[in-house]
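Novice: structure of the sequence below:
(chains A, B, C and D)
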2 protein chains.
Amino acid sequence: MARSSTRPTSRDVAQAAGVSQAAVSLVLGDKWRGRVSETTAERVREAARDLGYRPNLAARNLRLGHTRTVLLVVPALTTEFFAGVYTGAARVAAAHGFGVVLYPSPEGIGPARDPFASAQAALDGVIASSMAADALTAIRGDQLPLVMLDSDPRGSLGAATVNLDITDGVRQITEHLLGLGHRRILHLAADVPSWTFEIRASELAARMAAVPGTEIRTARAPISIEGALAATETALTTPGPRPTAVVCDDDKLAAGAYKALRRLGLRIPDDISVTGFDDLGLATAIDPELTTVRLDAELFGERGMRALLAVLEDRRPEAGDIPVELVVRSSTAPPSAGQA
Amino acid sequence: MARSSTRPTSRDVAQAAGVSQAAVSLVLGDKWRGRVSETTAERVREAARDLGYRPNLAARNLRLGHTRTVLLVVPALTTEFFAGVYTGAARVAAAHGFGVVLYPSPEGIGPARDPFASAQAALDGVIASSMAADALTAIRGDQLPLVMLDSDPRGSLGAATVNLDITDGVRQITEHLLGLGHRRILHLAADVPSWTFEIRASELAARMAAVPGTEIRTARAPISIEGALAATETALTTPGPRPTAVVCDDDKLAAGAYKALRRLGLRIPDDISVTGFDDLGLATAIDPELTTVRLDAELFGERGMRALLAVLEDRRPEAGDIPVELVVRSSTAPPSAGQA
DNA sequence: GAGAGGAAGTTATACGTACAACGTCGGGGC
DNA sequence: GCCCCGACGTTGTACGTATAACTTCCTCTC
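Specialist: Numbering: from 1, shown residues only, chains lettered A, B, ... in the order given. This is a model prediction of the structure:
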């Protein structure tokens, strides 16, 4: 009552209940069995409730030496993919008494040099998703336990990695398209320096090179509708035989490609096939529905969090890439007779 | 050297530099002018760099009594709208030395009863966006400074509120549609108990009621493509004169409506007009491009953060709703002659 | 040459918590 | 009657930081 302006502390609760601060800590920390009587314990709980007591986390963290909080660094929030990653990570974390703080790495938010200055929560570990290699080393500077998601296992400086089986996803797309009879492909590549996109390009090139008589052309675009539209339009109006399929690095690029194709008067999939990557909600919002590779974002997040938990407990993280699955919809078909 | 397993403290830095811990705090806290010589300061900075010292935030927060960290509670991350809100809030926060921690309120993530147990960072304040009223009271239980975004000013229990001018958005949609000659409208409403949607419904009803000869029908759907598809299909296959326009509570619902209309063989906008709300990337990804109300998510986040800053400093938050703007694209046209 | 005062530090302390170590009291075994 | 032990607490301390208050030494002024 005397100090109503400031939040009550465990000492205030102790005074209200007529016990020592230690007893309060014991009771509220659920460590009182055989140390405090049931009636006293109840009195403490009641006092805490009446005062609206909430433990000061800064003090607890300081005392305990850990925070049970981890940081999830993602490149952006503009795609629901990372929402799924967060959801999965947060679910596993919650089950282990951990919290997850999200940090969308800035493209204009304050000083990018220090990912931790902005998200200034005290942390026990970091999960970094789809980061460029240079950003990685900055993060690695802090000696926090680290798990890398979707990043080059060779360049991860010894940090644990968890990856989607992108390679297999590209394989499935390639086989699907080749199986339909496509031979000339335009690769609409994300103009982002990230391993997850580099591996798409290299794997696609390797797969195509293995089949005689195939041809691959590459266009680069920032991940946006407009960027993809412009890049696709340019690529398809250059001279030479027109590709019969466009392989896009993700669904958003595919949506941009749709617009370019429509503008050029090409029908999907009759005149040209299109594939995506991610299977966002967008994939079924556009017409025709997009053939794409489904990535299990939530499982990805779960695996990432479990790996971090393993690192924190000095265990060896689960091995193996996360399987992905081609979802065939209506944007792919055999090339039309005249072009094949 | 002796204790290489644990992170270095300011005391370790002090020892390495041959000064007291206080001097380290002074130098690193940039409060050393006239208290420590330049050469000593440089020695301290060098020692800190060599040891890879990072201040223990838990200790700092405890000492300072604040964390310079605020929580942004959002309903979900599946729409880029809240990414914008975060970006705006984080930008303003960074400029004031604050950090923003994102908390997507759970639909399956751990115990929903306590928004703060999961995001266990120590906080100075909370910004809650588009929350249902009951969730609000739970949050209000903690006596943290609170700003409500997009919520009923009357039901906010005295918390500061910042709102988009949804009412005006609905007015613009209505006038646009009525001006084109539409009289029978289907309202595809989000089946979510949130003020931002309730106000759309009530305002739309009021506007329509003011014009004689108009008719409004309502369909409810969860915010998803499939949900909107089903609800729209049902609503349009019931007997009676068909509406000439569908007003959707947000763009995602509109995308679902598109699919239903296509399935019913109706052309947009020739046979029926459609409007959305939000102006997400989705709005230009679908065909035809969607007439919708643009909400400035980043400005929204900025205003929210500024309001919270004001509350924290015992100032009065900026008043006035945030203007919104109708973006007319290709999904609206006058009703065809036969139907008007 | 005495005293003021500034420069360059240091010492001591508090923030709120969790928990190890230490009392105290009464009853039961022998 | 004594000791031991379990039940029920309490006292004390450390976590790492920021900063108020103090000390020392040196220079400058009159």
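
Novice: tell me the secondary structure at the residue nearest to A:Leu62 when sequence neighbours are not counted.
Specialist: Leaving aside its sequence neighbours, A:Leu62 sits nearest to B:Ala58 (Cβ to Cβ, 6 or more residues apart in numbering or on different chains; 4.2 Å). C-beta here means a position set from N, CA and C on the backbone, and glycine is covered the same way. The three-state label given to B:Ala58 by DSSP: H, G, I helix; E, B strand; the rest coil is helix.

Novice: cool, A:Ala219 as well?
Specialist: Per three-state DSSP, A:Ala219 ends up strand.

Novice: test my guess that it contacts A:Ala190.
Specialist: No - using Cβ atoms under 8 Å, A:Ala219 makes no contact with A:Ala190, being 10.7 Å away.

Novice: what is the subsequent helix or strand relative to the worst-scoring helix or strand of chain A on mean pLDDT?
Specialist: Across the helices and strands of chain A, mean pLDDT, DSSP states H and E gives its lowest value to helix A:115-118, namely a mean of 55. Remark: after helix A:115-118, the chain's next helix or strand is strand A:125-129, criterion DSSP states H and E.

Novice: what about that following strand, distance to the chain center?
Specialist: 10 Å (Cα atoms, centre = their mean, to the nearest Å).

Novice: which other residues reach it?
Specialist: A:70-75, A:82, A:85, A:89, A:135-136, A:139, A:142, A:144-151, A:304-305, A:308, A:311-312 (Cβ atoms under 8 Å, 6 or more residues apart in numbering or on different chains).

Novice: now stretch A:56-68
Specialist: Taking Cβ under 8 Å, 6+ apart as the rule, stretch A:56-68 contacts A:7, A:9, A:97-99, A:121-124, B:56-59, B:61-62, B:67, B:120-122.

Novice: now, of those residues, which are buried?
Specialist: A:7, A:9, A:98-99, A:121-124, B:56-59, B:61-62, B:67, B:120-122 (16 or more other Cβ atoms under 10 Å in any protein chain shown).

Novice: just for chain A, where's the confidence low?
Specialist: A:1-5, A:106-120, A:132-142, A:337-340 (pLDDT under 70).

Novice: quick one: contacts for the residue positioned nearest the centre of it?
Specialist: Centroid-nearest residue in chain A: A:Phe82, 3.9 Å away (criterion: Cα atoms, centre = their mean). By Cβ under 8 Å, 6+ apart, A:Phe82 lies in contact with A:74-76, A:104, A:129, A:297, B:77.

Novice: closest to B:Asp271 among those residues?
Specialist: Set against B:Asp271, the nearest of the contacts of A:Phe82 by Cβ to Cβ is B:Leu77 (35.3 Å).

Novice: nearest spatial neighbour of that closest one, skipping sequence neighbours?
Specialist: A:Ala83 (3.5 Å).

Novice: A strand includes that neighbour, no?
Specialist: No - the assignment for A:Ala83 is helix, going by three-state DSSP, so no strand is present there.

Novice: contacting residues around it?
Specialist: A:77, A:297, B:76-78, B:104.

Novice: so which of these are also by DNA strand D?
Specialist: Among these, not one lies near DNA strand D by Cβ under 7 Å from any atom of the strand.

Novice: make CSV from these and add secondary structure to it.
Specialist: Below are the contacts of A:Ala83 laid out as CSV (three-state DSSP):
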residue, secondary structure
A:Leu77, coil
A:Ala297, helix
B:Ala76, coil
B:Leu77, coil
B:Thr78, coil
B:Pro104, strand
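
Novice: of these, buried ones?
Specialist: Buried members of the contacts of A:Ala83, scored by 16+ other Cβ under 10 Å, are A:77, A:297, B:76-78, B:104.

Novice: now do the residue nearest to A:Gly97 when sequence neighbours are not counted against DNA strand C, distance only.
Specialist: In this structure, A:Gly97 finds its nearest non-sequential neighbour in A:Arg68, 5.7 Å apart by Cβ to Cβ, 6+ apart. Counting by Cβ to the nearest atom of the strand, to the nearest Å, the gap from A:Arg68 to DNA strand C is 11 Å.

Novice: check the gap between whichever residue of the stretch 101-250 of chain A sits closest to DNA strand C and A:Gly65 for me.
Specialist: Using Cβ to the nearest atom of the strand, the closest approach of the stretch 101-250 of chain A to DNA strand C is made by A:Ala122 at 12.9 Å. Relative to A:Gly65, A:Ala122 is positioned 10 Å away (Cβ to Cβ, to the nearest Å).

Novice: and A:Pro323, by the same measure?
Specialist: Taking Cβ to Cβ, one finds A:Pro323 at 38 Å from A:Gly65.

Novice: next up, phi/psi of the closest residue to A:Arg303 other than its chain neighbours, please.
Specialist: Leaving aside its chain neighbours, A:Arg303 sits nearest to A:Val162 (4.8 Å; criterion: Cβ to Cβ, 6+ apart). Dihedral angles phi and psi of A:Val162 (degrees, to the nearest 10) take the values phi -130, psi 130.

Novice: let me see the contact set for A:Val162.
Specialist: Listed by Cβ under 8 Å, 6+ apart, the contact partners of A:Val162 are A:147-150, A:300, A:303-304, A:307, A:317, A:322.

Novice: okay, buried residues for stretch A:31-41 please.
Specialist: A:32, A:36, A:40-41.

Novice: sec struct for A:Trp252, please.
Specialist: Wrong residue type there; residue A:252 is Lys, not Trp. helix.

Novice: count the neighbours of it for me.
Specialist: Close neighbours of A:Lys252, defined as other Cβ atoms under 10 Å in any protein chain shown, add up to 27.

Novice: same thing with A:Leu28?
Specialist: 17.

Novice: quick one: the residue nearest to it when sequence neighbours are not counted from DNA strand C, how far?
Specialist: For A:Leu28, ignoring the flanking residues on the chain, the nearest one in space by Cβ to Cβ, 6+ apart is A:Ala48 at 6.3 Å. The gap separating A:Ala48 from DNA strand C is 10 Å, by Cβ to the nearest atom of the strand.

Novice: swap in A:Arg91?
Specialist: From A:Arg91 to DNA strand C the distance is 24 Å (Cβ to the nearest atom of the strand).

Novice: so that residue is in which element?
Specialist: helix A:80-95.

Novice: just the CA atoms of that helix, as CSV, please.
Specialist: The C-alpha trace of helix A:80-95 is given here as CSV (Å, rounded to 0.1, in the frame of the first residue of the first chain):
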residue,chain,number,x,y,z
GLU,A,80,4.0,-16.6,-44.1
PHE,A,81,6.8,-19.2,-44.4
PHE,A,82,8.7,-17.7,-41.5
ALA,A,83,5.5,-17.4,-39.5
GLY,A,84,5.3,-21.2,-39.8
VAL,A,85,9.0,-21.5,-38.7
TYR,A,86,8.2,-19.4,-35.7
THR,A,87,5.1,-21.4,-34.8
GLY,A,88,7.0,-24.6,-34.9
ALA,A,89,9.9,-23.3,-32.9
ALA,A,90,7.7,-21.7,-30.3
ARG,A,91,5.7,-24.8,-29.8
VAL,A,92,8.7,-26.9,-29.1
ALA,A,93,10.2,-24.1,-27.0
ALA,A,94,7.0,-23.8,-24.9
ALA,A,95,7.1,-27.5,-24.2
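
Novice: also near DNA strand C: which of the contacts of A:Phe82, exactly?
Specialist: Okay, of the contacts of A:Phe82, nothing touches DNA strand C (Cβ under 7 Å from any atom of the strand).

Novice: name the SS class of A:Arg43, please.
Specialist: helix.

Novice: what sits against it?
Specialist: Contacts of A:Arg43 (Cβ under 8 Å, 6+ apart): A:17-19.
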